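Undergrad: here you go, sequence then predicted model.
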Amino acid sequence: MNSIKVNELNMELWIQPSVNQTELATILTMSNSHSNSTGNFTILQKETALTFRLRTNETDIDGQNATSLESLDALNLSSPDVQHLVVTRNVQGDISVTLNGSELELLGLAEPPLKTWPGDFGNWDMTFPLVIGGELSDGDQPWQGKIFRIAIYNCALSNAQIEKNYDNGSEGERQLFNDIECQ
C-alpha cells in the first residue's frame, strides 16, 4: 500500500448497513488488535452513526484525536438500501465523505468540526492485516451488514471519479475502478 508514501487515502465501499447494529462494530480496518486499539485506519458503525479513524503522526495509535469524525445520522445508515460510501483524505489532509454521490457535511468531536486531518502516515505499520466486516477477535463485535465491493486507493479520487463509480453501481454491469490511476 503506497498510501504511506503519498499521504493520501481513498476508501470506497458498497455496503448494506444493518438497521440493527446496536454495538460498535468494524466495517473495515487495517489493525492489529481485536479491540482496535492500534490501527492505521478504521470505519465503524453503531446504530445510524458511522465513525472514521485515521492514524497519523499527530493522532494517537488508533487514529483518534479532536478531528475524529462521527457523521451521525447524516449518513442515513438506517436505510436498508445498498449504499456507496467514499472516505477520502488528500495530501493536504482534507477529509471528505461522499454517500450515494453526494458529499456530506462532516460532523465531528471538534467544534466547529475540522475538515482537515493533519499529519502524515509515517507511523503506519504495514504488517497490520486488512480486516473486513468485523475484528480479529472471537466474533464478539460482528458487523451485521453486507459488503458488496471495497476498493482502497493510495490517492484521493476526484469528484468525477467518485461520481463515475457511483453511476456504475455495485453490481459491476460496467467496468468499475479500472481507469483509476494513482501516481
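TA: Cool, got the structure.

Undergrad: could I get the full set of helices for the protein?
TA: 3-6, 159-168 (DSSP state H).

Undergrad: tell me who's in contact with the closest residue to residue 25 other than its chain neighbours.
TA: Leaving aside its chain neighbours, residue 25 sits nearest to residue 143 (4.0 Å; criterion: CB to CB, 6 or more residues apart in numbering). Placement of C-beta: from N, CA and C, glycine included. The contact partners of residue 143, by CB atoms under 8 Å, 6 or more residues apart in numbering, come to 18, 21, 25, 26, 27, 45, 133, 134.

Undergrad: now distance to residue 180 too, for those, in JSON lines please.
TA: Output for those, formatted as JSON lines (distance: CB to CB, whole Å):
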{"residue": "18", "distance to residue 180": "29"}
{"residue": "21", "distance to residue 180": "30"}
{"residue": "25", "distance to residue 180": "28"}
{"residue": "26", "distance to residue 180": "25"}
{"residue": "27", "distance to residue 180": "21"}
{"residue": "45", "distance to residue 180": "26"}
{"residue": "133", "distance to residue 180": "23"}
{"residue": "134", "distance to residue 180": "27"}
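
Undergrad: how about the CA coordinates for stretch 10-30, as CSV?
TA: Only the C-alpha atoms of stretch 10-30 are listed here, as CSV (Å, rounded to 0.1, in the frame of the first residue of the first chain):
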residue,chain,number,x,y,z
ASN,A,10,-9.4,6.8,-0.5
MET,A,11,-11.7,4.0,0.7
GLU,A,12,-14.7,3.2,-1.5
LEU,A,13,-17.3,0.8,-0.2
TRP,A,14,-20.6,-0.6,-1.5
ILE,A,15,-22.4,-1.7,1.7
GLN,A,16,-25.8,-2.5,3.0
PRO,A,17,-25.7,-1.3,6.7
SER,A,18,-27.6,-3.2,9.3
VAL,A,19,-30.5,-1.4,10.7
ASN,A,20,-30.0,-3.5,13.9
GLN,A,21,-26.3,-2.6,14.6
THR,A,22,-26.6,-1.7,18.3
GLU,A,23,-23.0,-2.4,19.3
LEU,A,24,-20.0,-0.6,17.8
ALA,A,25,-18.6,-2.8,15.1
THR,A,26,-15.9,-2.6,12.4
ILE,A,27,-16.8,-2.4,8.8
LEU,A,28,-13.2,-2.1,7.6
THR,A,29,-9.9,-1.7,9.4
MET,A,30,-6.2,-2.1,9.0
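
Undergrad: state the mean pLDDT of that stretch.
TA: Mean per-residue pLDDT for stretch 10-30: 89.

Undergrad: now do that stretch: distance to the chain's middle.
TA: Relative to the chain's own centre, stretch 10-30 is displaced by 9 Å; criterion: CA atoms, centre = their mean, to the nearest Å.

Undergrad: give the buried residues for it.
TA: Counting neighbours by 16 or more other CB atoms under 10 Å, one finds that the buried residues in stretch 10-30 are 10-18, 21, 25-30.
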